[in-house]
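Novice: Pasted the sequence and its predicted model underneath.
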Amino acid sequence: MTNSKMLENLISRWPLLHQIRTGADGTGPEAMSAATRDLRPKHDGAEVTSSICPYCGVGCGQLVYHKNGKLISIEGDPSSPISRGRLCPKGADTFELHTHPERLTKVKYRRPYAKSWEEIDLEKAMDMVAERLWESRDRSFQETRDGQVLMHTTAIAHLGGATLDNEENYLIRKLFTAGLGMVCISNQARI
């Protein structure tokens with residue numbers, strides 16, 4: 001190929017000439033190279049699930065992208081009437097909070113008077129919580145006071161999160177009041 005042909009070929013691919021010929025504004029295909037035309041978003045071909053950000057009571061919408069059982073990306077949901085696709089710093093960092101290699105994935109337990117933490121199985125930790133909850137309830141449960149029926153305990157309490165819906169809060173309230181006799185129950189959302 002001669003120098004003049006190479007120069008003509010180079011100039012003919014120049015985006016400015018395409019803009020002049022077509023009247024385009026330089027933000028469309030006329031400004032794209034082969035490399036930019038082949039670019040795809042990081043979640044291309046992934047399935048998407050609508051979700052709610054778990055970090056506060058606002059309820060911002062999130063889109064969770066996953067492919068072959070692997071989390072790909074978590075983005076703000078533009079169709080959310082609350083956040084309109086925007087996320088705060090914690091919400092925007094949800095993906096890394098789930099996938100960071102240093103995220104704790106085992107239960108840490110420090111025995112009474114111990115100076116160090118140990119890792120225990122989740123099943124064992126859940127059993128320990130259940131045993132301690134039931135022991136506190138049994139130790140502090142009052143059936144009556146001054147001849148009046150009470151059927152409650154003030155030794156245990158529950159603070160719920162605002163990302164739960166009304167139905168979940170209703171069931172939690174029923175379980176803790178009727179099932180365990182708890183009277184100290186609150187919720188971040190004041191539902």
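Specialist: Arrived safely. Numbers count the residues shown, from 1 in each chain.

Novice: Report how many residues lie close to residue 174.
Specialist: 10 (other C-beta atoms under 10 Å). All C-beta spots, glycine's among them, are computed from the backbone N, C-alpha and C.

Novice: And the helices in the chain, which stretches?
Specialist: Assigned by DSSP state H, the chain shows helices spanning 3-12, 15-22, 34-37, 89-92, 94-99, 122-140, 166-174.

Novice: Which one of the ones you listed lies nearest to residue 51?
Specialist: Smallest distance to residue 51 across the helices of the chain (C-beta to C-beta): 9.0 Å, for helix 94-99.

Novice: Present the helices of the chain as CSV; the columns should include mean pLDDT.
Specialist: Formatted as CSV, those follow (pLDDT from 0 to 100):
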stretch, mean pLDDT
helix 3-12, 78
helix 15-22, 74
helix 34-37, 80
helix 89-92, 88
helix 94-99, 89
helix 122-140, 93
helix 166-174, 80
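
Novice: any chance of those helices in TSV, with distance to residue 73 too?
Specialist: Below are the helices of the chain laid out as TSV (distance: least, C-beta to C-beta, whole Å):
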stretch	distance to residue 73
helix 3-12	38
helix 15-22	30
helix 34-37	20
helix 89-92	11
helix 94-99	6
helix 122-140	27
helix 166-174	27
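
Novice: List just the one of those that sits closest to residue 181.
Specialist: Among those, the nearest to residue 181 by C-beta to C-beta is helix 122-140 (6.8 Å).

Novice: Indicate which one of the helices of the chain is closest to residue 47.
Specialist: Taking C-beta to C-beta as the criterion, helix 94-99 is the member of the helices of the chain that comes nearest to residue 47, at 15.3 Å.

Novice: Give the other helices and strands that the single longest strand found in the chain contacts.
Specialist: In terms of residue count, the longest strand belonging to the chain (DSSP state E) is strand 148-160. Under the contact definition 3 or more C-beta pairs under 8 Å, 6 or more residues apart in numbering; DSSP states H and E, strand 148-160 sits against helix 122-140, strand 142-145, helix 166-174, strand 182-187.

Novice: Return the most buried member of the ones you listed.
Specialist: Most buried of the helices and strands packed on strand 148-160, by mean neighbour count (mean count of other C-beta atoms under 10 Å): strand 182-187, with a mean of 15.

Novice: and that strand, which strands flank it?
Specialist: Using DSSP bridges, the strands paired with strand 182-187 are strand 148-160 (parallel).

Novice: So for the partner strand, what gets flagged as buried?
Specialist: By neighbour count with 16 or more other C-beta atoms under 10 Å, strand 148-160 contains the buried residues 152-153, 155-156, 160.
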